[in-house]
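Novice: A predicted structure for the sequence below; I have some questions about it.
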Amino acid sequence: MIVKLKVNGETRSADVPPETTLLKLLREHLNLTGAKLGCDVGDCGTCTVIVDGESVNSCLMLAGRASGREVTTIEGLASSEQLHPLQEKFEELGALQCGFCGPGMIISAKALLDKNPEPTVFEVKDALSGNLCRCTGYTKIIEAILDAGRIMSTAEAKS
Amino acid sequence: MALLAENNSRARALAGGTDLVVDLKHAPGDVDLLVDISQLPEFSGIEETEEGLRIGSMVTFSELMASPIVNQMTPEIVAASHTVGAVQTRNLGTIGGNLVTCVPSADSAPSLLALDAIATIAGSDGKRSVPLEEFFVGPRKTILEPHELLAEILIPKKNLGKPSHFIKFGLRKGQALALVNVAAALYLNDDGKVAEPRIALGAVAPTPMFARKAEASLDGKRPNEESLLEAARVAVSEIKPIDDFRASANYRRHLVQTLTYRTLKRSAEIASEQ
Amino acid sequence: MATKTKEVLESKVKDSEIEDLTAPDSLKVPAKPALKPVVVPVDKPVVYPLDLPESEIRLRTPAVGQRASRPDGRLHGLGQTQYIDDMTFPHMIFAKILRSEHAHAKILSIDTSEAEAMPGVLATLTGSEIPVNSFGPTLQDQPVLANEIVRHAGDGVAAVAALTEQQASDALTKIKVKYKPLPTVFDPLEAIKDDAPKVHAPRSNIYASKIIKKGDVEKALKESDQVFHKQFKTQMVEHVPLEPHSSVAMWDANGRVTIYSSLGRITLGRDDLARTLGKPMNKIRLVGTIVGGNFGGKNEITTEPILAMLSKKTGRPVKGTFTRGDEFISSTTRHPFVMDYTTGVKKDGQILGRKIRLVLDGGSYCSWTSTTLGKGGILAAGPYNIANLLVEAHAVYTNKTTTGAMRGFGAPQVCFAYESHMDDMAHALGIDPLEMRLRNAFTEGSVSPTGQLLQSVAIKESLQQAAERFGWKESAK
């Protein structure tokens, strides 16, 4: 079946078997390998993308369900001249080690900060409870998200 | 519904997919048709009607948590929704899906039961309504016939604003299966005595259940340490918990006793604040 | 102002939050309207590579003494880091592995004919087609694909390569394997007995041992004021790297195989591949990349020889990735330890002698057990001066998932035992647990259980400083 959707602002389409998940559509048909396959059952969060403003496990969403919708992946956050504040802060604070959880973590963080740029530590932990990390212990990830949030609310205040 | 009926065991209704898609990946069986019901307008929306609070079965947990009406009228449903999975799960998962998957530990069940929720079922031959308690038949088995779907949940008008408290106990704070989940609800009469007590328990029997004897033991009494502890003890006598790798039956009994006491106590506190 | 780590770590969970999952007030729907999302101006669509200046931290000189940043940090944040499963090669196909459901069984026959006829299937593989069907860092007792006996549920038996992953998975269900179940043994304390079912018959289940003797432990125990005994057990732990094991294999016309792999040890990997494929090392090219978490579980080959053989048969690059289920049952795990500690002490807490028996649940194959046994044995007595010591450590086969390397290599298990034991003894003797440790801890020039002279020893100072910092004396009251 043909699936037509907007990914990172661009209209894309692919012809896929109906049982294809959004994750496989992104990784194998659109070559957007930022979202990862960590468990394929919606537990680890490495496949997290944003669909119409909400973070979802793309391994659980069938591609057909994403038809006509707007998807944001990790590849859609930076421009050629500017990193997203989250990407800046994750790099600066050394928030990631192996990096595999990174895209899902940053996307979940973006979904949070877009709604609530000044979350408490508890709110960050709650928003990220669907994203596992085996390397870091999460401390610097949380710091980076809080710092990025401050940048974003300042930018918002200025605009 | 016609599609589901004619294809019977080879077809499944797809709501959020957070349970179904996982199952299909591991044990597809003979399923070769998925009917996406998640966007059906008849099954969506949250509104107050003459009869009470109507929640469409395809409403997601995130939608429930963000709904001003639900927050105002039945705040414990927001609390219960918050315990389901993680943000991503709640953005896709629906209350209908949770109830139809019908595991004993379904997190939406106890607080709905405690408010005497009614389930409306839509079939190709019309609609029928049953008290939610009757909707659950056994683990992963509801009263739905192959040609039927859960359309909506109704919280009766008289229970909107009824003091209630829900506690889920899991091995983690997020992405956890409940070892035990409990919801209590009660009114206090003008003379400070308990009226219409409800105690709903999950994960301690084949389906979510009421602790009717415990309710009866508390009915008409003042909610003090003695009566609350007694109700908690009676609740333990009514359950059939199992030993599994998450917890022993004994530990579940202990949890039911403690959590029944706590949810009743908190409900009574809310009632006296009103 | 940057968030301090302290702020994050001190955000303690209230007791009531542990049991009560109802949303605290800060999580209820905010009264203020949601802010507009901040849009990062996308003036040009992103094409790789990005035209960004290098981060300021990385340009500071002199670099020594400055805070460093990871070179891959920026790539991770952009999702540009290429893990094995992100790589594709022209004409690449996919392999899946059929795994035994039996914990111990003889393979009577494997029939892949029906699988080979399935749509999209280009080749199948069984263990008998692998030139040298065995590998392992110490004992080469593990088959690449079991072709005679399966020794744990999850042991690989056959493989399929097909045009898509789905086709490969479908074909697996058509492979017919006939098994004759054999008696099983799961408990290491059962497996160590002479009459237990043998996992690698006719060899004994005890496949590695280590004895450390120092002084005269029986005499020391007799001279002790009190002798304590306890048995400690630790469980099997799986690394759960977020990135599943993954590799891609392809050949060139000069008979050289190139394998991209999540493997963490390249030279050892080349050695194993040369041996199993029957090729000289200069025909094996192994490319390691950023690994999505290793923790010890990616220290040895897994599917690489299988993918190499399938690639040879089909003339195409072949990718194989573990499912999360495979990770739990078919990748190596941490050894469960059963640890018996007997310690003789003087009334004042000084340890005179210690006797330890370790039984390692060595799983179905050796893997890194010998190393784990060695470390566990040497560290079992703890960082304490014990003049009279006997450590007897044995690794036994069981019909469970292979136990191998995992961070600590035996140290975490024995540490749990000797430190718990120390607390038990201190409480029984009425001595402060910190004092008990200070009385026995290594100092500069102490000698390890294996006779090594220790230098740069700072245990006592560390314990004392730590105790001061978190107010040990106050909380002990």
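Specialist: Right, received. Where do you want to start?
Novice: Now for C:Pro241: which residues touch it?
Specialist: A:Cys98, A:Phe100, A:Arg134, C:Val291, C:Gly292, C:Gly293, C:Asn294, C:Phe295, C:Gly297, C:Lys298, C:Glu327 (CB atoms under 8 Å, 6 or more residues apart in numbering or on different chains). (C-beta placed from N, C-alpha, C; glycine too.)
Novice: so which helix or strand takes in the third one?
Specialist: To tie it back to what came earlier, the one meant is A:Arg134. Using DSSP states H and E, A:Arg134 sits within no helix or strand.
Novice: Verify the stated contact: it with C:Gly297.
Specialist: No: between A:Arg134 and C:Gly297 there is no contact under CB atoms under 8 Å: 10.6 Å.
Novice: Please enumerate the shared neighbours of these two.
Specialist: Common neighbours of A:Arg134 and C:Gly297 (CB under 8 Å, 6+ apart) are C:His239, C:Pro241.
Novice: rewinding a little: filter the contacts of C:Pro241 down to the ones near chain B?
Specialist: Checking the contacts of C:Pro241 against chain B by CB under 8 Å from any CB of the partner chain, not one of them is in range.
Novice: Which residue ranges make up each domain of chain B?
Specialist: Following automatic domain parsing, one finds the domains of chain B at B:40-159, B:164-273.
Novice: Who has more neighbours out of A:Arg134 and C:Gly297?
Specialist: C:Gly297 (24 against 20; other CB atoms under 10 Å in any protein chain shown).
Novice: How much space separates the residue in the stretch 51-200 of chain B that chain C sits nearest to from B:Pro163?
Specialist: As assessed by CB to the nearest CB, chain C sits closest to B:Ala79 within the stretch 51-200 of chain B, at 3.8 Å. Distance, B:Ala79 to B:Pro163, using CB to CB, to the nearest Å: 13 Å.
Novice: Also B:Lys240?
Specialist: Separation of B:Lys240 from B:Pro163 (CB to CB) stands at 28 Å.
Novice: Residue of the stretch 251-400 of chain C nearest chain A, please.
Specialist: Counting by CB to the nearest CB, the stretch 251-400 of chain C gets nearest chain A through C:Gly292, at 3.4 Å.
Novice: unless I'm mixing things up, that residue is touching A:Gly102, no?
Specialist: No: using CB under 8 Å, C:Gly292 is not in contact with A:Gly102; the gap is 9.8 Å.
Novice: which of the two has more neighbours?
Specialist: Higher neighbour count among C:Gly292 and A:Gly102: A:Gly102, with 32 against 29, using other CB under 10 Å.
Novice: Which residue comes closest to the more buried one once chain neighbours are left out?
Specialist: C:His76 (4.3 Å; CB to CB, 6 or more residues apart in numbering or on different chains).
Novice: burial measure for the residue of chain A found nearest chain C, as a count.
Specialist: In chain A, the residue that lies nearest chain C is A:Gly34 (2.7 Å; CB to the nearest CB). Neighbour count of A:Gly34, defined by other CB under 10 Å: 24.
Novice: Now for it: which residues touch it?
Specialist: Counted by CB under 8 Å, 6+ apart, A:Gly34 has contacts A:Thr73, A:Ile74, A:Glu75, A:Pro103, C:Leu78, C:Gly79, C:Gln80.
Novice: Grab the CA positions of the longest helix belonging to chain A and hand them over as CSV.
Specialist: Under DSSP state H, the helix in chain A containing the largest number of residues is helix A:139-158. Output in CSV follows, covering the C-alpha atoms of helix A:139-158 (Å, rounded to 0.1, in the frame of the first residue of the first chain):
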residue,chain,number,x,y,z
THR,A,139,22.0,12.5,35.3
LYS,A,140,23.6,14.4,32.5
ILE,A,141,20.7,13.8,30.2
ILE,A,142,18.4,15.4,32.6
GLU,A,143,20.8,18.3,33.1
ALA,A,144,21.1,18.8,29.4
ILE,A,145,17.3,18.8,29.0
LEU,A,146,16.8,21.4,31.7
ASP,A,147,19.5,23.6,30.2
ALA,A,148,18.1,23.3,26.7
GLY,A,149,14.7,24.2,28.1
ARG,A,150,16.1,27.4,29.6
ILE,A,151,17.6,28.4,26.2
MET,A,152,14.3,27.7,24.5
SER,A,153,12.2,29.7,26.9
THR,A,154,14.6,32.6,26.6
ALA,A,155,14.3,32.4,22.8
GLU,A,156,10.6,32.3,23.1
ALA,A,157,10.5,35.3,25.4
LYS,A,158,12.7,37.2,22.9
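Novice: other SSEs contacting that helix?
Specialist: helix A:85-93, helix A:102-115, helix A:121-127, helix C:5-10 (3 or more CB pairs under 8 Å, 6 or more residues apart in numbering or on different chains; DSSP states H and E).
Novice: show me where pLDDT drops low in the stretch 1-150 of chain B?
Specialist: For the stretch 1-150 of chain B, the stretches flagged by pLDDT under 70 are B:1-8.
Novice: who does B:Ala178 bridge with?
Specialist: B:Gly170 (DSSP bridges).
Novice: what sits against it?
Specialist: So B:Ala178 contacts B:Thr83, B:Ser105, B:Asp107, B:Lys168, B:Phe169, B:Gly170, B:Gly202, B:Ala203 (CB under 8 Å, 6+ apart).
Novice: okay but C:Lys312 is in contact with C:Gly255, surely?
Specialist: No: C:Lys312 sits out of contact with C:Gly255 when judged by CB under 8 Å, with a separation of 9.5 Å.
Novice: And the two? Which one has more around it.
Specialist: Neighbours were counted for C:Lys312 and for C:Gly255 using other CB under 10 Å; C:Lys312 has more, 19 against 10.
Novice: Give the phi and psi angles for the more buried one, as a check.
Specialist: Dihedral angles of C:Lys312 (phi, psi; degrees, to the nearest 10) stand at phi -60, psi -40.
Novice: quick one: pLDDT of it?
Specialist: Among the per-residue scores, C:Lys312 shows a pLDDT of 97.
Novice: Tell me the bridge partners for the closest residue to it other than its chain neighbours.
Specialist: Closest residue in space to C:Lys312, ignoring its immediate chain neighbours: C:Trp251 at 5.9 Å, by CB to CB, 6+ apart. Judged by DSSP bridges, the bridge partners of C:Trp251 are C:Val257.
Novice: what about the residue nearest to the spatial centre of chain A, distance to A:Lys125?
Specialist: Central residue of chain A (CA atoms, centre = their mean): A:Ile107, 2.2 Å from the mean position. According to CB to CB, A:Ile107 stands 16 Å off from A:Lys125.
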